[in-house]
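Participant: This is the structure alone, sequence omitted:
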């Protein structure tokens, strides 16, 4: 079965003369990690139950590693001031405890994690690779060209591709934050009054 | 080129050592050079060996053992083999040729057009 990264690999090879595939795949992991950590484009809704008389619980994504908690809802109503105290283990902390257990849904942003697939590609949703393969390619080009004393070393091009990667990551983050809409309201209420951020 | 024997044959062609009566350089010397070429390549281009172990080719059957040289770098390994065995010569006239082979090995690993 063709890998979702095939187009990326085929496109990137002419840009990196002398680079071997396993070195390119090795750089793919940190680039994916940075991109997904900064952009929040990889999200997953997780159902969980908060037991009675407790303030913490644990959630575990199906794949990937949790970067941050986006939101928590109960019966589709937002629950405020819930935090994630430990992203490695998915520990969610509530500001209160209840005498009865409750069912909640949290949305978390994810990034890549070990192990990788058998062909050494990081495990990422196919649709995200299809959508952002160019961004990932720019990140890899930047990282590879910044390596010292290789046939493909080029510091100025590394900087050029780093700018393209960072700009594209920022646009992806903005698109995700606005729900992929064009011309959404840019003004936001002053964030010092945002109760959820305190 | 795929097997150890292919690499040896190519190196012998470069060194004009193709008449077995006996050969000027032994097969074992070429294989030792090929083994060392991987070790040298690891020092110069560690990225080639990401998730790949450095092979141990000494003592392996020549005509069925695949040499795991990365695509595009096969001749670099042949040049190192040539330089390695030529360095063993006592004649001073071959020193420059041996140096040229070893320099070619390094430049092929580090520069695209070399």
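Facilitator: Cool, the structure landed. Quick caveat: nothing in here was measured; it's all calculated off a predicted structure.

Participant: quick one: contacts for residue B:45?
Facilitator: Taking CB atoms under 8 Å, 6 or more residues apart in numbering or on different chains, we find residue B:45 in contact with A:150, B:109-110. C-beta: built from backbone N, CA, C; applies to glycine.

Participant: Among those, which lie within helices?
Facilitator: Within the contacts of residue B:45, membership in helices is found for B:109-110, as judged by DSSP state H.

Participant: Show me what the helix or strand residue A:8 falls within is packed up against.
Facilitator: When secondary structure is defined using DSSP states H and E, the element that contains residue A:8 is helix A:6-12. Identification of packing neighbours for helix A:6-12 by 3 or more CB pairs under 8 Å, 6 or more residues apart in numbering or on different chains; DSSP states H and E yields helix A:21-39, helix A:126-145.

Participant: Near chain A, which residues of chain B are found?
Facilitator: For chain B, the residues in contact with chain A (CB under 8 Å from any CB of the partner chain) are B:44-45, B:47-48, B:50-52, B:70-72, B:109-112.

Participant: One more pass at 6 Å, please.
Facilitator: Near chain A, the residues belonging to chain B are B:47-48, B:50-51, B:70, B:111-112 when assessed by CB under 6 Å from any CB of the partner chain.

Participant: Now restrict those to buried residues only.
Facilitator: Neighbour counting by 16 or more other CB atoms under 10 Å in any protein chain shown classes B:47-48, B:70 among these as buried.

Participant: Name the single longest helix found in chain B.
Facilitator: helix B:27-44.

Participant: ok, and what's touching that one?
Facilitator: With contact meaning CB atoms under 6 Å, 6 or more residues apart in numbering or on different chains, helix B:27-44 is reached by B:7-8, B:11, B:49, B:54-55, B:57-58, B:77, B:80-81, B:84-85, B:109.

Participant: give me the number of residues near residue A:93?
Facilitator: Each residue near residue A:93 was counted by other CB atoms under 10 Å in any protein chain shown, and the total is 15.

Participant: Could you check how far it is from residue A:55?
Facilitator: Taking CB to CB, to the nearest Å as the criterion, residue A:93 is separated from residue A:55 by 6 Å.

Participant: Identify the farthest-apart pair in the residues of chain B next to chain A.
Facilitator: Across the residues of chain B next to chain A, no pair lies farther apart than B:51 and B:111, at 24.6 Å, counting by CB to CB.

Participant: Give me the below-cutoff pLDDT ranges for chain B.
Facilitator: In the predicted model, chain B carries no residue with pLDDT under 70.
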